[in-house]
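> Sharing a sequence plus its predicted fold:
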Amino acid sequence: MGQPRTPVVIGVYDPDGGVLGEAAYLWGKVRGTTHCSLCDITHSPVRRKKEWDALVARLHVTVELRHRNELTAAQSAAALESGLPVVLVADLERQGYDVLLDAQDLERTGGDVTAFGDLLQERLAAR
């Protein structure tokens, strides 16, 4: 019997990735027409938050961040079922993904990295 595997958690941003996706998101953010609560948790207005990097280093999970256009078919199906942004966790037994934190959960953190980390650990422990 092997050691337990480290959970894989995937945070999915609402905007598309790439130069055009990032530019469209920034333009929408400036105009007040676009919002992504996961972006607010992981990034300041100009770069990734140091608090985010520190949290990820402390967690006993693998954390991946992806934009909606960077997902596999299985990840996309799980994410779109819940709505974006979302945090998924890999279900290795059935080779699929479950929603760990939905858009409302992420919004309730108010962009606070500590609140996100506490909620993430609470949900992982409940699995």
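Thanks, I have the structure now. Numbers count the residues shown, from 1 in each chain.

> where do the helices sit along this protein?
Remark: helices assigned in the chain by DSSP state H are 18-31, 37-42, 50-58, 73-82, 103-108, 113-126.

> most packed of these?
Mean neighbour count, computed with mean count of other CB atoms under 10 Å, is highest for helix 37-42 among those, reaching a mean of 22. C-betas here are computed from N, CA, C, even on glycine.

> What mean pLDDT does that one get?
The pLDDT scores in helix 37-42 average 95.

> residues contacting residue 125?
Shown in contact with residue 125 (CB atoms under 8 Å, 6 or more residues apart in numbering): no residues.

> Quick check: pLDDT value at it.
pLDDT, residue 125: 93.

> One more: residue 69?
Here, the pLDDT recorded for residue 69 equals 94.

> What degree of burial does it show, as a neighbour count?
As a burial measure, residue 69 scores 12 neighbours (other CB atoms under 10 Å).

> Quick one: distance of the worst-scoring helix or strand of the chain on mean pLDDT to the chain centre.
Using mean pLDDT, DSSP states H and E, helix 18-31 stands out as the lowest-scoring helix or strand of the chain, at a mean of 81. On the basis of CA atoms, centre = their mean, to the nearest Å, helix 18-31 sits 18 Å off its chain's mean C-alpha point.
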